[in-house]
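> Take a look and give me a structure for this.
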Amino acid sequence: MPFEADLAHALDRTTDSLEPDLTTLLSGAVERGRSRRRRRTAGVIAGVGAACAVVAAAGLVLPGALAGTVAGIHPAGSDIEPVALAMPRSAVSDTQMIQALEATFPGGRFSQETGQSNNPSDPSGGYVANGELLLDDGHGAAMVGVSAVRLKLPLRDGDGLSCDRTPARAAGDTCTLSELPSSAALPGGAVVMSEQTAAHRPAGPDTARRWTVTVTLKSTGAQLQLVQWNSTGGGSGADVPKPTRPAPPLTEQQAVAALTGATWAPILGAVG
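All right, here's what the predicted structure looks like:
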């Protein structure tokens, strides 16, 4: 993927209005939405998605992905904080991303599957791998997506590791940070950033929401961002479809367990 396209995906992941990317794709790498959002007009997972464009649809921020830009570069005059991405250690294909995403929701039915491969052999692009799909788990259709990137070390607060943001979050939007201890699966531990964002303000009963969970490994900078909508598509403002369910398919705890479990371990290892 050419540099300009990868940069666009990175920026896409961070569209807040939303973007998780995932601003989606948001403050920090999360808002940068790595998940590539497949835009309805172009194609989401932002952000953030940290640039999950396949990102636009899922809001991966993809995705909801990157509110920053590739290699710390950002457009002149932009108030978007740059995010420094490192080249992934090895390749991750769009097929791998989609298969892992399907395995995250066992028993679900899937459609509208899209993805993007990274390309470590090409310095001009290939920083982001992502996948998204429309999930039917029997509780209402939901667009979901995951993006995978590697952040440069040392990690910074702006790289999806801080809930601080400018401008401030809208009333009702939430962000929390937590840490996971070092373990065999997570050597060095990890930082978890969880966000909930309304598609537009003021929010009402018919306003869709996006839930974004970003897990960043402290030792390698490998980062996964999961974006879940309670609607059939991401995007921003009035373009987002109305809610199809009250809550996301996975709770925050379930999302963290999935991203740090056996299904996504090979992708975390490949990225970092």
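
> Please work out how many residues are found near Gly272.
Other residues lying near Gly272 total 21 when counted by other CB atoms under 10 Å. Glycine gets a C-beta too; all of them are placed from N, C-alpha and C.

> Please apply the same query to Pro167.
Count around Pro167 with other CB under 10 Å applied: 7.

> in terms of contact, does Met97 touch Asn130 like I think?
Yes: between Met97 and Asn130 there is a contact under CB atoms under 8 Å: 5.8 Å.

> Spell out which residues are contacts of both of the two.
When contacts are counted by CB atoms under 8 Å, 6 or more residues apart in numbering, Met97 and Asn130 are jointly contacted by 115-116, 146, 148.

> on that earlier part again, neighbour count: Met97 and Asn130, which is higher?
Taking other CB under 10 Å, Met97 and Asn130 do not tie; Asn130 has more neighbours (47 against 32).

> by contact count, what packs against the helix or strand the more buried one falls within?
Element membership of Asn130, judged by DSSP states H and E, is strand 129-136. Applying 3 or more CB pairs under 8 Å, 6 or more residues apart in numbering; DSSP states H and E, one finds that strand 129-136 makes contact with helix 54-58, helix 94-104, strand 109-116, strand 141-151.

> Direction included, what does whatever helix or strand comes next after the last one pair up with?
Toward the C-terminal end, the helix or strand that comes next after strand 141-151 (DSSP H and E) is strand 174-180. For strand 174-180, the pairing partners within the sheet under DSSP bridges are strand 190-198 (antiparallel).

> What residues does Ala247 make contact with?
By CB under 8 Å, 6+ apart, the residues touching Ala247 are Asn230.

> can you check the one 3 residues further on too?
The contact partners of Leu250, by CB under 8 Å, 6+ apart, come to 104-105, 226, 228, 258.

> again, only this time at 10 Å
Applying CB atoms under 10 Å, 6 or more residues apart in numbering to Leu250 gives the contacts 104-105, 135, 137, 142, 144, 211, 213, 226, 228, 256-259.

> Check the gap between Val128 and Ala86 for me.
Here the criterion is CB to CB, to the nearest Å. By it, Val128 lies 12 Å from Ala86.

> intersection of neighbour lists for the two?
Contact criterion CB under 10 Å, 6+ apart; residues shared by Val128 and Ala86: 149-150, 271.

> For those residues, pick the one with the most neighbours.
Within the shared contacts of Val128 and Ala86, neighbour counts (other CB under 10 Å) peak at Val149, which reaches 37 neighbours.

> My read is that it contacts Thr220, right?
No: counting by CB atoms under 10 Å, Val149 stays clear of Thr220, with 11.4 Å between them.

> tell me, what's touching the two both at once?
Common contacts of Val149 and Thr220 (CB under 10 Å, 6+ apart): 86, 271-272.

> Tally up the residues packed near Gln96, please.
18.

> Next one, pLDDT for it please.
Here, the pLDDT recorded for Gln96 equals 98.

> Surely it and Gln116 touch.
No: using CB under 10 Å, Gln96 is not in contact with Gln116, being 11.1 Å away.

> tell me, what's touching these two both at once?
129, 131, 148.

> Next one: the last one relative to Gly188, how far apart?
The reference is to Ala148. Counting by CB to CB, the gap from Ala148 to Gly188 is 18 Å.

> between these two, which one's more packed in?
Ala148 (32 against 12).

> Enumerate the beta-bridge partners assigned to that one.
In this entry, Ala148 is beta-bridged to Ala129, Leu224, by DSSP bridges.

> Which residues are in contact with it?
If you count contacts by CB under 10 Å, 6+ apart, then Ala148 has 34-35, 45, 50, 52, 88, 92, 96-97, 100, 116, 118, 127-131, 222-225, 259, 264, 267-268, 270-272 around it.

> Tell me the pLDDT of it.
97.

> Let me know the distance separating it from Leu85.
Going from Ala148 to Leu85 by CB to CB gives 11 Å.

> Equivalent analysis for Thr220, please.
The gap separating Thr220 from Leu85 is 13 Å, by CB to CB.
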